[in-house]
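Participant: Sharing a model that was predicted from the sequence below.
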Amino acid sequence: MNSLRVLHINPGNLYGGVETFLVTLAQCRDLCPEMVPEFALCVPGRLEDELRQAGVAVHRLGAVRFSRPWTVFRARRALRRLLHRDHFDVVVCHQPWTQALFGGEVRKSGTPYVAYFHGPQSGGWPEYLARRRRPQLIVAPSLYCLNSVRSFFPGVSGEVLHYPLPSQVTDTAELSAEDRLAIRTRLGARAGDVVILQASRIERWKGPDLVLRALGHLKDRPNWRFWLAGGAQRSQELSYFNELKRLTVALDIEDRVEFLGQRTDVPQLMRASDLYCQGNRGPESFGLSFLEASYCGLPVVTSNLGAPSEWIDPSAGILVAPENVEDFAQALRGFLTDATRRKAMGARAKDKAIELCNSQKQLHQLFQMLARTTMHYSTALRADAMFLPPAWDVEVRARLSAGTSTASVYTMVSSVLRLVRRPGGTLVDVGCGAGQLWPAVQSQFSSYVGCDVVKYGNYPEVWDFVKVDLDSGRIPLPDGTADVAAAVETIEHLENPRAFIRELIRLTKPGGWVLVTTPNNLSLLSKLTLVLKNQFSAFQDSCYPAHITALVETDLKRIARECGLTDLRTDFSGCGRVPGTPWHYPGWASWLFPRALSDNIMLLAQKPGVAR
């Protein structure tokens with residue numbers, strides 16, 4: 001691959017750490033010429049202006065509001081045309097809102113899809129919709145952020161990429177003593193003042209009010225000034241901004257606080273300051289402003305929350321208890337009275353920032369991540385798999401399934417088995433994934449054996465495991481091993497369902513039970529999807545190639561009879577999603593209409609003979 005053509009998708013309506021990162025990718029692209037970044041935005045604004053000034057291609061998709069469906073369709077159509085016209089090697093969707101809106105279109109296009117999560121997730125509806133767009137790779141700027149989204153996509157690879165140092169910081173020259181004094185004087189600082197800076201969006205969780213309250217405890221000290229750089233970008237931010245102004249009056253420090261508004265010269269402000277302070281109420285996913293301040297030689301005082309605690313150590317800053325005004329005031333007081341300590345910690349902070357986030361190193365790391373993802377996707381999911389072992393494609397499909405199912409499926413299996421058999425014996429869990437069936441049924445069996453093509457990292461070592469390609473037709477276990485041979489949400493991943501059922505029967509003792517669950521393709525949701533999209537709900541393009549074989553209730557029963565099983569019975573999970581929403585039907589509705597309102601179906605049948 002001579003160059004990697006990457007499309008980054010972002011809304012473009014706000015400007016913060018994420019947008020600074022994207023601009024850095026554009027401005028520093030010469031540091032990694034193997035990677036060619038392009039950008040798709042929904043709305044014009046400062047981000048688009050700075051990207052175009054950097055000389056990169058910017059594509060407009062159109063303004064979108066989920067409350068106006070026609071804008072969603074229009075933007076998705078624009079992206080579809082762009083992906084069809086310009087063949088990108090990989091697409092990176094930044095933030096859950098973008099992933100929810102465009103992830104499905106990227107998957108349908110056959111282009112490798114990377115989800116970049118820039119913040120810890122709150123569980124809102126964008127996150128829920130984003131979870132349905134399964135990426136080939138998750139990227140996050142910190143381990144804290146990555147761990148907060150791993151559970152969204154079990155089995156998907158995740159990597160940490162610290163933000164590179166912004167070029168607007170690294171390209172800004174050190175200030176001369178005269179220039180530094182001129183900036184300080186212009187912004188109200190007097191000779192001998194210690195200037196404390198916070199540069200962030202005007203949001204409550206960023207905690208500028210906590211910094212102001214801490215400074216209120218220090219109004220007896222005459223030698224400090226506080227600069228707040230950042231402008232209100234939304235109506236709630238404007239309300240909070242006015243609240244901050246009133247607070248300075250109430251604390252009697254309004255003459256020592258400067259509200260600088262939105263600034264494009266933050267690096268100069270940092271070099272003209274003495275200390276960086278930010279009173280976060282919530283955790284940062286990385287803390288780009290802390291990185292910039294450190295590079296500019298400022299010690300940092302902030303809350304001990306989220307990612308900054310991974311890289312801000314006592315040699316370069318102070319982490320204090322969240323929302324503890326007294327702790328903030330004490331930390332600031334120590335810096336106000338000790339200039340030698342400020343300078344020594346600032347020097348160590350700069351060294352650490354360079355070591356952690358060298359721009360060239362970080363861009364090459366991003367290139368390697370994306371290149372590996374593109375290569376794996378191309379070889380495993382396209383026609384290039386001839387260069388890899390035959391099991392590779394099967395293994396990739398297994399990992400796409402994530403090795404887990406919903407709790408309602410495990411509850412259904414446990415309830416039905418409790419009705420038809422006495423406790424004891426061996427459960428062979430075929431297609432066991434991460435082994436999550438066993439905790440639901442362990443009181444009903446004496447032993448457990450899991451079989452799958454992949455042994456997931458969270459599969460407990462104390463359980464027996466057999467590695468096998470289930471499409472090969474033979475599971476390396478003796479005849480009659482199982483009292484119950486179960487395949488939970490597995491048969492839809494396989495090429496030959498009849499051969500698979502026959503293998504389950506071989507593993508089962510005479511009088512034992514064969515149990516299979518699969519998506520309920522005759523549910524109301526699946527029928528509506530079939531009418532509107534010509535695809536069953538669980539077998540849409542976004543589910544391929546993990547799901548390849550669709551079966552309905554009649555198919556399951558016919559296969560079981562043909563294979564000689566008796567005492568056939570079906571059951572339903574009693575849990576189903578309401579079409580077009582993230583919500584599920586109430587329990588009473590699923591109980592009344594299980595076949596129509598359940599997302600999963602189960603077949604249970606007995607192998608003829610007398611149980612020993």
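Facilitator: Looks like it arrived, so ask away.
Participant: And the longest strand along the chain, what does it pack against?
Facilitator: Counting by DSSP state E, the longest strand found in the chain is strand 508-519. For strand 508-519, the elements it packs on are helix 407-420, strand 482-488, helix 497-507, helix 553-562, strand 600-606, judged by 3 or more Cβ pairs under 8 Å, 6 or more residues apart in numbering; DSSP states H and E. Any C-beta I mention is one placed from the backbone N, CA and C, and that applies to glycine too.
Participant: Could I get the contacting residues of Gly425?
Facilitator: Gly425 is in contact with 445-447, 482-484, 512, counting by Cβ atoms under 8 Å, 6 or more residues apart in numbering.
Participant: Likewise for Gln268?
Facilitator: Gln268 sits in contact with 172, 175, 183, where contact means Cβ under 8 Å, 6+ apart.
Participant: Columns neighbour count, distance to Leu212 and pLDDT on top of the residues you listed, output as CSV?
Facilitator: What follows is these, written out as CSV (neighbours: other Cβ atoms under 10 Å; distance: Cβ to Cβ, whole Å; pLDDT from 0 to 100):
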residue, neighbour count, distance to Leu212, pLDDT
Thr172, 18, 28, 73
Leu175, 18, 26, 86
Ile183, 17, 22, 92
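Participant: Inside helices: which ones of those?
Facilitator: Ile183 (DSSP state H).
Participant: Distance to Leu291 added to the contacts of Gln268, as JSON lines?
Facilitator: Output for these, formatted as JSON lines (distance: Cβ to Cβ, whole Å):
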{"residue": "Thr172", "distance to Leu291": "14"}
{"residue": "Leu175", "distance to Leu291": "19"}
{"residue": "Ile183", "distance to Leu291": "21"}
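Participant: of all the contacts of Gln268, which comes closest to Glu562?
Facilitator: Taking Cβ to Cβ as the measure, Thr172 is the one of these closest to Glu562, at 74.6 Å.
Participant: wait, doesn't that closest one sit right on Val266?
Facilitator: No. Thr172 lies out of contact with Val266 (Cβ atoms under 8 Å); the separation is 9.3 Å.
Participant: Tell me who's in contact with Gln360.
Facilitator: Taking Cβ under 8 Å, 6+ apart, one finds 28, 31-32 in contact with Gln360.
Participant: could I get these as TSV with neighbour count?
Facilitator: What follows is the contacts of Gln360, written out as TSV (neighbours: other Cβ atoms under 10 Å):
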residue	neighbour count
Cys28	21
Leu31	17
Cys32	23
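Participant: Which ones among those lie within strands?
Facilitator: Among the contacts of Gln360, no member falls in strands (DSSP E).
Participant: Okay, and which of those map to helices?
Facilitator: Using DSSP H, none of the contacts of Gln360 sit in helices.
Participant: Okay, now the unreliable bits of the stretch 201-350 of the chain?
Facilitator: Along the stretch 201-350 of the chain, the model assigns pLDDT under 70 to no residue.
Participant: where exactly do the helices run in it?
Facilitator: Assigned by DSSP state H, counting those that start in this stretch, the helices in the stretch 201-350 of the chain fall at 208-216, 235-250, 266-271, 288-295, 308-311, 325-336, 339-357.
Participant: For Arg474, give me the backbone phi and psi.
Facilitator: Arg474 adopts backbone torsions of phi -140, psi 120, taken as degrees, to the nearest 10.
Participant: so it sits right up against Glu503, yeah?
Facilitator: Yes. Contact criterion Cβ under 8 Å: Arg474 and Glu503 qualify, at 6.9 Å.
Participant: more crowded one of these two?
Facilitator: More crowded of Arg474 and Glu503, by other Cβ atoms under 10 Å: Glu503, with 21 against 11.
Participant: burial count for the residue nearest to that one when sequence neighbours are not counted?
Facilitator: Excluding the flanking residues, the one nearest Glu503 by Cβ to Cβ, 6 or more residues apart in numbering is Ile475, at 5.8 Å. Ile475 has 20 neighbours, counted by other Cβ under 10 Å.
Participant: Secondary structure of Ile475: a strand, I assume?
Facilitator: No. Applying DSSP: H, G, I helix; E, B strand; the rest coil, one finds Ile475 to be coil, outside a strand.
Participant: Of the helices of the stretch 201-350 of the chain, which stretch is the most buried?
Facilitator: When those are scored by mean count of other Cβ atoms under 10 Å, the highest mean neighbour count falls to helix 288-295 (a mean of 27).
Participant: which helices and strands does it pack with?
Facilitator: helix 17-27, helix 167-170, strand 194-199, helix 266-271, strand 275-278, strand 300-303, helix 339-357.
Participant: list the contacts for Leu603?
Facilitator: Here Leu603 is in contact with 514-517, 556-557, 560, 568-570 (Cβ under 8 Å, 6+ apart).
Participant: ok, so of those, who is nearest Leu146?
Facilitator: Nearest to Leu146 among these, with distances taken as Cβ to Cβ, is Thr517, at 31.2 Å.
Participant: Show me what the nearest residue to the closest one once chain neighbours are set aside bridges to in the sheet.
Facilitator: Closest residue in space to Thr517, ignoring its immediate chain neighbours: Met602 at 4.5 Å, by Cβ to Cβ, 6+ apart. Taking DSSP bridges as the rule, Met602 bridges to Thr517, Asp571.
Participant: Same check on the one 4 residues further on?
Facilitator: Gln606 has the following beta-bridge partners by DSSP bridges: Trp513, Thr566.
Participant: right, and it touches Arg569 too?
Facilitator: No. With contact defined as Cβ under 8 Å, Gln606 does not count as touching Arg569 (9.4 Å).
Participant: out of the two, which sits in the more crowded spot?
Facilitator: More crowded of Gln606 and Arg569, by other Cβ under 10 Å: Gln606, with 20 against 13.
Participant: confidence score at the more buried one?
Facilitator: Listed pLDDT for Gln606 reads 95.
Participant: need the contact list for it.
Facilitator: 511-514, 565-567.
Participant: now do Ala272
Facilitator: By Cβ under 8 Å, 6+ apart, the contact list for Ala272 reads 175, 180, 183-184, 187, 195.
Participant: Average the pLDDT values over the helix or strand containing Arg77 and round to the nearest integer.
Facilitator: Using DSSP states H and E, Arg77 sits within helix 69-85. Helix 69-85 comes out with an average pLDDT of 92.
Participant: quick revisit: and which of the contacts of Gln268 is nearest to Trp224?
Facilitator: Closest approach to Trp224 among those (Cβ to Cβ): Ile183, at 16.5 Å.
Participant: right, and the closest one touches Ala177 too?
Facilitator: No. Ile183 sits out of contact with Ala177 when judged by Cβ under 8 Å, with a separation of 11.3 Å.
Participant: sorry, back to before: convert the longest strand of the chain to CSV, retaining C-alpha atoms only.
Facilitator: Presented in CSV, the C-alpha positions along strand 508-519 are these (Å, rounded to 0.1, in the frame of the first residue of the first chain):
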residue,chain,number,x,y,z
THR,A,508,-25.8,-36.3,22.9
LYS,A,509,-26.5,-39.4,25.0
PRO,A,510,-29.7,-41.4,24.2
GLY,A,511,-32.5,-39.7,26.0
GLY,A,512,-30.5,-36.5,26.2
TRP,A,513,-31.6,-33.1,24.8
VAL,A,514,-30.5,-30.9,21.9
LEU,A,515,-31.1,-27.2,22.3
VAL,A,516,-30.7,-24.5,19.7
THR,A,517,-31.5,-20.8,19.8
THR,A,518,-31.4,-18.3,16.9
PRO,A,519,-32.9,-15.0,16.0
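Participant: so can I have JSON lines of the contacts of Ala272 showing distance to Phe286?
Facilitator: Formatted as JSON lines, the contacts of Ala272 follow (distance: Cβ to Cβ, whole Å):
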{"residue": "Leu175", "distance to Phe286": "26"}
{"residue": "Arg180", "distance to Phe286": "28"}
{"residue": "Ile183", "distance to Phe286": "27"}
{"residue": "Arg184", "distance to Phe286": "29"}
{"residue": "Leu187", "distance to Phe286": "28"}
{"residue": "Val195", "distance to Phe286": "25"}
